[in-house]
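quick one, what's the 3D model for this:
(4 chains)
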Protein chains: 2
Amino acid sequence: MTIITIKKSITAQRILDSAEALFAESGYDGVSLRHITQHAGVELALPNYHFGTKLELFKRVIERRSEILNKERMGALTSLENSASIDSIIIAFTEPVLKRTVSGDIGWQNYSRLVAQTANSPRWSREVMSHEFDPVALEFVRRTKMCFPSAKDEEIFWGFHFLLGAMTITFAQTGRIDILSKELCKTTDLVGIHKRMVPFLSAGFAAICAS
Amino acid sequence: MTIITIKKSITAQRILDSAEALFAESGYDGVSLRHITQHAGVELALPNYHFGTKLELFKRVIERRSEILNKERMGALTSLENSASIDSIIIAFTEPVLKRTVSGDIGWQNYSRLVAQTANSPRWSREVMSHEFDPVALEFVRRTKMCFPSAKDEEIFWGFHFLLGAMTITFAQTGRIDILSKELCKTTDLVGIHKRMVPFLSAGFAAICAS
DNA sequence: TATATATTTGAACAGGTGTTCAAATATATA
DNA sequence: TATATATTTGAACACCTGTTCAAATATATA
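Below is the predicted model of the structure:
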């Protein structure tokens, strides 16, 4: 019983890992099932056997790690004190993805890059991203409201929108800012970025949410 | 002479317009030349005649409007007074794209969405986006440095990075925030967004750049 | 009107696409 | 060991892909 589970997950996970890496690099339409199976070293028909269609495989790639991420984010947000600062709320939201991407795990790095470009695609942002990430996003908004009791909901949602943009472009790790800054800034220095991102976003929230 | 120029640009522009709309919806690999030519109502071989390969067509789509945008942005930035506030610098950078996207011109709306998803794609962000937009980005950084003379260059580049993320997700107009906020926020309400985005980002810059 | 140039047409090319399926093999259960 | 189930194989399916090109047509120049 355990053996077949392990055996099955070996092939299935190899496919998921390869799909994740290649989708992150070239997007859904830029990758074929033949690219994926060749990269994973398995037969062409196996993705269909384990996951169904290419679209179902793509969705499974996204949700595999979002389950882990959301569980931890939700836990961090709900265990905050009622008087939690906006800084700590932002950190509770960003820390789970930050620490995994920083850890050097290539799988999480690919996943972050994949989510980043998926979030800004009209084709996927509503169908896939909303479905995966909206519950925890609403919890973020709820906690932020407790920070700024006099702020209108509208302002907090827009604040979250800007936060999401900054986060997205950061974890996309495109390396563009490296070139622009003549290597003064490093896309891979996520800890250094986080140290600036939290105060930047906190001040932004305060500016539009304080009465 | 004028007649052939007009005649040529009619077909060429129809191809560019269709390519722009379809690339914005589904990305470079999600669109075929047959989709584009069918949408434009022209023969399959014509994109090759007017622009060369599919890749060259894509680059031409991006640069067609970036030329206009950059000229205006550069003008707005360089004509600022030396004592210009961070608010006015941000506005100088964002206004040219804002006003065109808001105007209702479907071409500019498609272009904004296309640029948004191109910016977060590893495949395009360095090769295409850097080439098109870095000169004006450096001018933005130069002006911002005059606002915060004691700030390190690094901080200003990171501020620009966060600004770019917020701008990108905004002009992507994916509609995700509409669903999340139960239609309290409208992706299409760019003027309302801009009213929040400028103070949000200004406060963010001040937070990390003030000594 | 005759000539040169610009543009459009329609078809073809070699190769890649997601998906399917019966047959073969491996693994688990009894 | 014999039987049932899970997985893998290798080939085939109909269709879509970017690119090319000689021939036809339209337009500009003299």
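
output the below-cut-off pLDDT ranges for chain A.
The model of chain A has pLDDT under 70 over residues A:1-8, A:211.

now for A:R143: which residues touch it?
For A:R143, the set of contacting residues under the criterion of CB atoms under 8 Å, 6 or more residues apart in numbering or on different chains consists of A:L77, A:L80, A:A84, A:I89, A:A92. Just so you know, the C-beta spots here come from the backbone N, C-alpha and C atoms, and that holds for glycine as well.

apart from its chain neighbours, what residue comes closest to the last one?
This points to A:A92. Spatial nearest neighbour of A:A92, excluding adjacent residues (CB to CB, 6 or more residues apart in numbering or on different chains): A:A76 at 3.9 Å.

how is chain A divided into domains?
For chain A, whose domains are defined here by automatic domain parsing, the residue ranges read A:1-52, A:65-209.

before we move on, back to that, mind listing what's buried in the helix or strand containing the residue nearest to A:A92?
Here A:A76 is covered by helix A:54-78, with elements defined by DSSP states H and E. For helix A:54-78, burial by neighbour count (16 or more other CB atoms under 10 Å in any protein chain shown) applies to A:54, A:57-62, A:65-66, A:69-70, A:72-74, A:76-77.

kindly report the same for stretch A:94-109.
A:T94, A:E95, A:P96, A:V97, A:L98, A:R100, A:T101, A:G107, A:W108, A:Q109.

circling back to that earlier point, run through the neighbouring helices and strands of the helix holding A:A76.
For helix A:54-78, the helices and strands in contact under the criterion 3 or more CB pairs under 8 Å, 6 or more residues apart in numbering or on different chains; DSSP states H and E are helix A:2-26, helix A:46-51, helix A:86-102, helix A:106-119, helix A:131-147.

using TSV, lay out these together with distance to B:H194.
What follows is the helices and strands packed on helix A:54-78, written out as TSV (distance: least, CB to CB, whole Å):
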stretch	distance to B:H194
helix A:2-26	32
helix A:46-51	42
helix A:86-102	22
helix A:106-119	21
helix A:131-147	21
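
winner for burial among those?
When the helices and strands packed on helix A:54-78 are scored by mean count of other CB atoms under 10 Å in any protein chain shown, the highest mean neighbour count falls to helix A:106-119 (a mean of 22).

ok, then the element right after that helix?
Downstream of helix A:106-119, the first helix or strand assigned by DSSP H and E is helix A:122-124.

got a list of what A:A21 touches?
The neighbours of A:A21, taking CB under 8 Å, 6+ apart as the test, are A:H39, A:I106, A:N110.

likewise for A:P122?
With CB under 8 Å, 6+ apart, A:P122 has these contacts: B:A24, B:E25, B:R113, B:Q117, B:A172, B:Q173, B:T174, B:G175.

please name the nearest non-neighbouring residue to the third one.
Same thing as B:R113. Taking CB to CB, 6+ apart as the measure, B:R113 lies nearest to B:A24, with 4.2 Å between them; neighbours along the chain are not counted.

host element of A:T188?
Short version: A:T188 belongs to no helix or strand, going by DSSP H and E.

which one is A:G30 nearest to, not counting chain neighbours?
In space, and not counting its chain neighbours, A:G30 is closest to B:D29: 4.0 Å by CB to CB, 6+ apart.

that neighbour and B:P96: what is the separation?
With distances taken as CB to CB, to the nearest Å, B:D29 is found 29 Å from B:P96.

what do you get for A:V42?
Applying CB to CB, the value for A:V42 to B:P96 is 50 Å.

again, but for A:L80
Applying CB to CB, the value for A:L80 to B:P96 is 41 Å.

and what of A:R34?
Going from A:R34 to B:P96 by CB to CB gives 43 Å.

and for A:A84?
Using CB to CB, A:A84 is found at 39 Å from B:P96.

circling back: wait, which of the buried residues of helix A:54-78 is closest to A:D17?
The shortest separation between A:D17 and any of the buried residues of helix A:54-78 is 9.0 Å, and it belongs to A:V61 (by CB to CB).

quick one, what contacts that closest one?
Residues A:L16, A:A19, A:E20, A:F23, A:Y111, A:L114 are the ones in contact with A:V61 under the rule CB under 8 Å, 6+ apart.

settle this for me: the fifth one is touching A:A24, isn't it.
Translated: A:Y111. Yes. A:Y111 lies in contact with A:A24 (CB atoms under 8 Å); the separation is 7.2 Å.

circling back to that earlier point, quick check: of the contacts of A:A21, which lies closest to DNA strand D?
Nearest to DNA strand D among the contacts of A:A21, counting by CB to the nearest atom of the strand, is A:H39 at 14.1 Å.
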